[in-house]
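# Below: sequence and its predicted model.
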Amino acid sequence: MADARFFTSAGPFSVAALTEKNGIEARDDDLLLSGLASLSAADSNSLSFFSDLKLQDTLAATKAGAVLVKAEHAALVPSGSLALICDDPYRSMAEITQMFFPAAAQSRPPQNAIADTNIHPDAIVGENVVLEPNVVIGAGAEIGDGCHIGANSFIGHGVVLGRNCTIGANASITHALIGDRVIVHGGANIGCDGFGFAPGVSHTKIPQLGRVILQADVEIGGNTVIDRGALADTFIGEGSKLDNLVHIAHNVQLGRHCFITASCAIAGSTKLGDYVQMGGGAKVSGHVEVGDRCVISANAAVLRSFPADSKIAGSPARLRSQLYRDQAFIARQRKKAEMAQKPD
């Protein structure tokens, strides 16, 4: 659900108003929906959507007041929720999200986020805080005791920094809740829009209404980008260390004490367990799970899930032992071919 510290809702809307404006099967229903949420997080005042048959169990357990679904899936919606029939639930959810949060659809902060001075009068700045030249702190932001914020950095409205954090020069932090002793190096961008669009003849932007959560003792390298979540949050577990030029997409869940080295990328809604290590340039595709203590070799392309303690390498990635067997087999075949071509 959208955090009111970061997003201002234009709702609530009645079901009748939503169906009238968005090409959804008309429902003359006065039920008021005050927000949007994933199936698992929704309550009776929330709208959600269903478009992936792998989530049938989650749909069956949802508490959502209403769910956008295709006609052929309407029977899967539990009796406590209202099925709203549409051709493309994903796109309809994007369009309705724009109704609820028009400013987020344009990636704009609230107009009163920054006052004429660099520190908004509604911001809370703790004791022994060092602010270098041209730091900007937005309305409602909270800066913990002992923080050091480098020159030209931007701390957006509602952002919370724990105690003794260090923010490098030219960093930008929005839509984020950050624990104690976190280090964010220069040029990093925390909390920007996730890459969310409902594809079509014209692609519909999906307002990104989640947050970024950085737990204690996390370190973020220079020019790394961490997108905020779409409906849920992007989460980095305590003690994890991210190198320079890393990209973490929306809704990624990264466990505790992970090492993510330079130029790695993790696509949306992927989950990595605790103590996972990624070598330089490795990539993980979206919606997969990598278990605790897995080691991903440099430049690997992980396209499927792997259990805990796996050693992963190659492109497409597989168990390192399998990769070595494949390489040995290819080497033997090449040698045989070379021997066959030699004259007697």
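Sure thing, it's come through.
# host element of residue 97?
Assigned by DSSP states H and E, residue 97 belongs to helix 89-100.
# Heading C-terminal from that helix, find the next helix or strand.
Remark: after helix 89-100, the chain's next helix or strand is helix 102-105, criterion DSSP H and E.
# Any buried residues in that next one, and which?
For helix 102-105, burial by neighbour count (16 or more other CB atoms under 10 Å) applies to 103-105. For glycine as for every other residue, the C-beta is placed from the backbone atoms N, C-alpha and C.
# Can you name every helix or strand that it contacts?
Helix 102-105 makes packing contacts with helix 89-100 when contacts are defined by 3 or more CB pairs under 8 Å, 6 or more residues apart in numbering; DSSP states H and E.
# Show me what the helix it packs on is in contact with.
Contact with helix 89-100 is made by 2, 9-11, 13, 18, 21-24, 35-36, 47-51, 68-70, 84, 86, 104-105, 196-198, 200, 204-207, 209, as judged by CB atoms under 8 Å, 6 or more residues apart in numbering.
# care to break the protein down by domain?
13-105, 124-320 (automatic domain parsing).
# mean pLDDT lowest for which of those?
Here the lowest mean pLDDT among these goes to domain 13-105, at a mean of 90.
# next one: it to chain centre, how far?
21 Å (CA atoms, centre = their mean, to the nearest Å).
# and that domain, how far apart are its ends?
17 Å (CA to CA, to the nearest Å).
# can you check stretch 188-198 too?
Using CA to CA, the end-to-end distance of stretch 188-198 comes to 27 Å.
# in that stretch, what counts as buried?
188-194, 196, 198.
# Name only those of the contacts of helix 89-100 that count as buried.
Among the contacts of helix 89-100, the ones that count as buried by 16+ other CB under 10 Å are 2, 9, 11, 13, 18, 22, 24, 35-36, 47-50, 68-69, 84, 86, 104-105, 196, 198, 204-207, 209.
# So which of the buried residues of stretch 188-198 sit within strands?
Members of these lying in strands (criterion: DSSP state E): 189-192, 198.
# Take these and write them to TSV, including distance to residue 284.
Shown next, in TSV, are these (distance: CB to CB, whole Å):
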residue	distance to residue 284
189	20
190	20
191	21
192	20
198	23
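# Can you name the two of those residues that sit furthest apart?
Farthest-apart pair in those is 190 and 198; separation 25.2 Å (CB to CB).
# picking up where we left off before, so which of the domains of the chain is nearest residue 332?
domain 124-320 (18.1 Å).
# And the buried residues of helix 102-105, which is closest to residue 308?
residue 104 (36.8 Å).
# for that closest one, what are its contacts?
Counted by CB under 8 Å, 6+ apart, residue 104 has contacts 2, 7, 97, 207-209.
# Restricted to helices, list those residues.
Within those, residues falling in helices by DSSP state H are residue 97.
# could the contacts of residue 104 go into CSV alongside distance to residue 173?
Shown next, in CSV, are the contacts of residue 104 (distance: CB to CB, whole Å):
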residue, distance to residue 173
2, 18
7, 16
97, 23
207, 19
208, 15
209, 17
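# Tell me the one of the contacts of residue 104 nearest residue 228?
residue 208 (5.4 Å).
# so how many other residues sit close to the closest one?
28 (other CB atoms under 10 Å).
# Ok, residue 299 next?
Neighbours of residue 299 using other CB under 10 Å come to 16.
# per-residue pLDDT, residue 114?
55.
# go on, the one 5 residues further on?
The confidence metric pLDDT takes the value 92 at residue 119.
# For the residue nearest to the spatial centre of the chain, give me its contacts.
When the chain is reduced to its mean C-alpha position, the closest residue under CA atoms, centre = their mean turns out to be residue 250, at 1.9 Å. Shown in contact with residue 250 (CB under 8 Å, 6+ apart): 194-196, 208, 210, 227-230, 234, 268-269.
# Angles on the backbone of it, please.
For residue 250, the backbone dihedrals (degrees, to the nearest 10) come out as phi -70, psi 140.
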